[in-house]
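In: Sequence unavailable; structure follows:
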Ligand code: C2O
Ligand code: CU
Ligand code: CU
């Protein structure tokens with residue numbers, strides 16, 4: 001009855017609302033990329049201004065970056081949002097110092113310049129901020145974009161890959177806006193669907209085989225994607241690469257952070273319309289977006305009107321074919337080679353916990369402990385193959401995300417996973433009471449200073465501490481007292497208790513400023529003209545800090561740890 005009411009309500013309001021042409025983000029390609037994160041605003045609700053974060057010329061989201069496997073890319077990220085941020089390349093295998101996690105903040109008005117070789121398989125990845133305790137608010141304001149990796153294997157297949165013609169990015173978000181039309185990082189009453197930042201979107205798709213790249217960039221909601229009329233489609237890729245075969249299906253569940261690519265055959269459907277749907281009524285209890293949990297009488301309204309119902313997210317008008325249309329769907333794609341189970345040298349168990357089993361909105365923990373930036377949870381020797389088992393002891397589903405490596409799922413509750421979860425993954429939704437195992441290998445990059453993260457991709461859970469960190473170490477030792485060398489600078493010892501020795505071979509340092517990871521300035525030393533000095537840090541509390549050095553050629557920032 002209730003679902004029926006809401007379905008009617010949303011049908012009625014959909015008729016009143018005008019449809020907007022789906023925005024297709026612009027693209028950047030090549031080997032050098034420049035991103036500027038800035039503040040902007042958008043009228044998602046006509047006449048009302050919502051403040052946003054965006055990249056480059058966009059007012060919301062950022063350009064789609066095209067990376068080619070095997071090339072070395074250099075990116076400059078300029079922070080113009082007036083707050084400290086980071087940019088993380090979600091799913092992309094990069095050295096930890098370029099991963100954009102919470103240990104590599106970009107201060108306001110500063111630039112961060114990661115560079116790495118693209119080792120990943122052709123698939124759809126994304127980028128978004130990862131500031132400790134601020135990921136949700138910065139990401140849902142719109143500071144996110146897609147990364148499309150191309151490789152030769154994918155290029156050899158007869159697949160649609162003309163961006164905006166037969167290959168479409170769909171960044172899907174469900175957001176909650178407060179009474180002043182501002183995005184709420186902790187909203188459990190999220191009911192505004194945005195696709196590529198467009199509200200009430202429609203798209204014109206040619207009558208041929210179309211590729212859709214789906215990203216769930218929501219803060220918390222899971223989507224059960226499907227087409228109206230239960231029209232079937234083929235899933236061809238998961239988070240980190242193509243599947244072995246095109247998998248015929250009518251549903252595809254994506255939790256926050258997950259991606260998939262699907263082919264839809266629109267041959268012969270010219271002039272027809274259909275919808276990209278969320279079949280929320282079929283999501284299990286405990287998944288945000290599924291049926292509302294029974295709440296004690298008198299509790300405040302905590303759940304979204306979209307929970308547990310089926311709704312349209314994107315209207316599709318089928319139009320005339322493009323030139324050189326692709327009209328057939330390849331059946332076999334690539335051969336994914338799983339890591340042999342017996343090559344695993346370690347296994348780890350992570351239980352998802354809360355203060356009590358009744359907790360619905362957090363905080364949630366891994367193995368009963370909350371994230372601590374100063375604690376390295378695991379030290380993993382470079383080149384180890386490991387099996388991780390995730391056990392959910394809470395009443396809500398959590399999308400678990402691993403940085404650094406793609407993994408292959410081995411089992412869900414003792415049963416091999418279904419075809420849609422067989423490929424390379426970096427996020428897996430773990431339902432209440434589920435036990436899920438994956439196998440992965442930590443290769444190529446080791447760093448004894450800067451850890452990688454693993455966390456729940458429900459951003460409010462992540463910000464609340466459902467996160468851990470690991471060091472991939474070439475010597476198996478982990479965080480040790482050692483010199484941090486950056487091109488022209490030497491900063492040691494690090495970690496240190498009382499003072500940092502700062503030395504440069506070819507620059508004249510004029511000013512040193514120490515910030516905490518929230519970007520607050522704690523210490524300034526002005527009016528210097530030195531190439532070597534000791535910075536007194538004895539008064540700082542133990543923790544991670546950033547020192548910003550202004551010198552005759554510019555400014556640079558470095559991380560250090562106060563013991
Ligand atoms: Cu998409 Cu650690 O994040
Ligand atoms: Cu990530
Ligand atoms: Cu969670």
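Out: Structure received. Keep in mind the model is a prediction, meaning the values are calculated, not measured. Ligands and ions are numbered 1, 2, ... in the order given.
In: so where does residue 33 fall, helix or strand?
Out: For residue 33, the element it lies in under DSSP states H and E is strand 32-45.
In: Can you name the residues in contact with that strand?
Out: Contacting residues not belonging to strand 32-45 are listed as 28, 49-56, 58-60, 62-63, 65, 73-82, 85, 87, 129, 142-143, 145, 177, 181, 192, 194, 197, 199 [Cβ atoms under 8 Å, 6 or more residues apart in numbering]. Placement of C-beta: from N, CA and C, glycine included.
In: From those residues, pick out the ones that also neighbour ligand 2.
Out: On the criterion Cβ under 5 Å from the ion, none of the entries of the contacts of strand 32-45 sits beside ligand 2.
In: Please flag which of these sit within strands.
Out: Of the contacts of strand 32-45, the ones assigned to strands by DSSP state E are 28, 49-55, 65, 73-80, 145, 192, 194, 199.
In: PyMOL command to pick out the buried ones of those residues?
Out: Per 16 or more other Cβ atoms under 10 Å, the buried members of the ones in strands among the contacts of strand 32-45 correspond to this PyMOL selection:
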select buried, resi 28+50+52+53+54+55+65+73+75+77+78+79+145+192+194+199
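In: ok, and of the ones in strands among the contacts of strand 32-45, which contact ligand 3?
Out: Filtering the ones in strands among the contacts of strand 32-45 for proximity to ligand 3 by Cβ under 5 Å from the ion leaves nothing.
In: Show me the shaky parts of the protein.
Out: Residues of the chain meeting the criterion pLDDT under 70: 1-17, 295-296, 299-301, 476-488, 527.
In: neighbours of residue 181, just the number please.
Out: Neighbour count of residue 181, defined by other Cβ atoms under 10 Å: 17.
In: That one reaches residue 49, doesn't it?
Out: Yes. Counting by Cβ atoms under 8 Å, residue 181 does reach residue 49; the two are 6.5 Å apart.
In: and the strand holding residue 33, which strands flank it?
Out: Strand 32-45 pairs in its sheet with strand 48-55 (antiparallel), strand 72-80 (parallel), by DSSP bridges.
In: which of the residues in it are buried?
Out: Using 16+ other Cβ under 10 Å as the test for burial, strand 32-45 gives 33, 35-38, 40, 42, 44.
In: could I get the residues you listed as a markdown table with distance to residue 294?
Out: Shown next, in a markdown table, are these (distance: Cβ to Cβ, whole Å):
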| residue | distance to residue 294 |
| --- | --- |
| 33 | 49 |
| 35 | 45 |
| 36 | 47 |
| 37 | 42 |
| 38 | 44 |
| 40 | 41 |
| 42 | 37 |
| 44 | 32 |
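In: Phi, psi for residue 98 please.
Out: When read as degrees, to the nearest 10, the backbone of residue 98 gives phi -110, psi 10.
In: quick one, what contacts the closest residue to it other than its chain neighbours?
Out: Distances taken as Cβ to Cβ, 6 or more residues apart in numbering place residue 114 nearest to residue 98, at 3.6 Å, with adjacent residues excluded. For residue 114, the contact set (Cβ under 8 Å, 6+ apart) comprises 74-75, 77, 89, 94, 97-98, 100.
In: Also residue 188?
Out: For residue 188, the contacting residues are 176, 220, 288, 302-304, 361, by Cβ under 8 Å, 6+ apart.
In: Out of those residues, the closest to ligand 2 would be?
Out: residue 220 (16.4 Å; Cβ to the ion).
In: and that closest one, how many neighbours does it have?
Out: Counted with other Cβ under 10 Å, residue 220 comes out at 27.
In: Repeat that for residue 281.
Out: 15.
In: so it sits in a helix?
Out: Yes. Counting by DSSP: H, G, I helix; E, B strand; the rest coil, residue 281 is part of a helix.
In: Not counting residues beside it along the chain, what's closest to residue 258?
Out: Excluding its sequence neighbours, the residue lying closest to residue 258 (Cβ to Cβ, 6+ apart) is residue 427, at 4.6 Å.
In: quick one: contacts for the closest residue to ligand 2 within the stretch 351-500 of the chain?
Out: Relative to ligand 2, the nearest point of the stretch 351-500 of the chain is residue 403 (4.8 Å; Cβ to the ion). Residue 403 is in contact with 88, 96, 99, 101, 426, 452-454, counting by Cβ under 8 Å, 6+ apart.
In: Kindly indicate which of those lies nearest ligand 3.
Out: Among these, and counting by Cβ to the ion, the member closest to ligand 3 is residue 454, at 12.0 Å.
In: The closest one: what secondary structure?
Out: Look at residue 454: counting by three-state DSSP, its state is strand.
In: if I pick it, what's in contact with it?
Out: Residue 454 sits next to 350, 366, 400-403, 467-470 when contact means Cβ under 8 Å, 6+ apart.
In: Try it again at 10 Å.
Out: Applying Cβ atoms under 10 Å, 6 or more residues apart in numbering to residue 454 gives the contacts 348, 350, 366, 377-378, 388, 390, 400-404, 426, 466-470.
In: Residues of the protein that sit close to ligand 1?
Out: Proximity of the chain to ligand 1 (Cβ under 6 Å from any ligand atom) is limited to residues 88, 90, 128, 130, 257, 401, 403, 453, 455, 457.
In: The fourth one: neighbour count?
Out: Other residues near residue 130 come to 28 when the count uses other Cβ under 10 Å.
In: Which residue is the nearest non-sequential neighbour of it?
Out: Looking at residue 130 with Cβ to Cβ, 6+ apart, the closest residue is residue 88, at 4.0 Å.
In: Hmm, the one you found is touching residue 426, no?
Out: No. Contact between residue 88 and residue 426 fails when scored by Cβ atoms under 10 Å: they sit 11.6 Å apart.
In: Make a markdown table out of the strands paired with strand 32-45 and add distance to residue 334.
Out: Shown next, in a markdown table, are these (distance: least, Cβ to Cβ, whole Å):
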| stretch | distance to residue 334 |
| --- | --- |
| strand 48-55 | 31 |
| strand 72-80 | 23 |
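In: Understood, closing this out.
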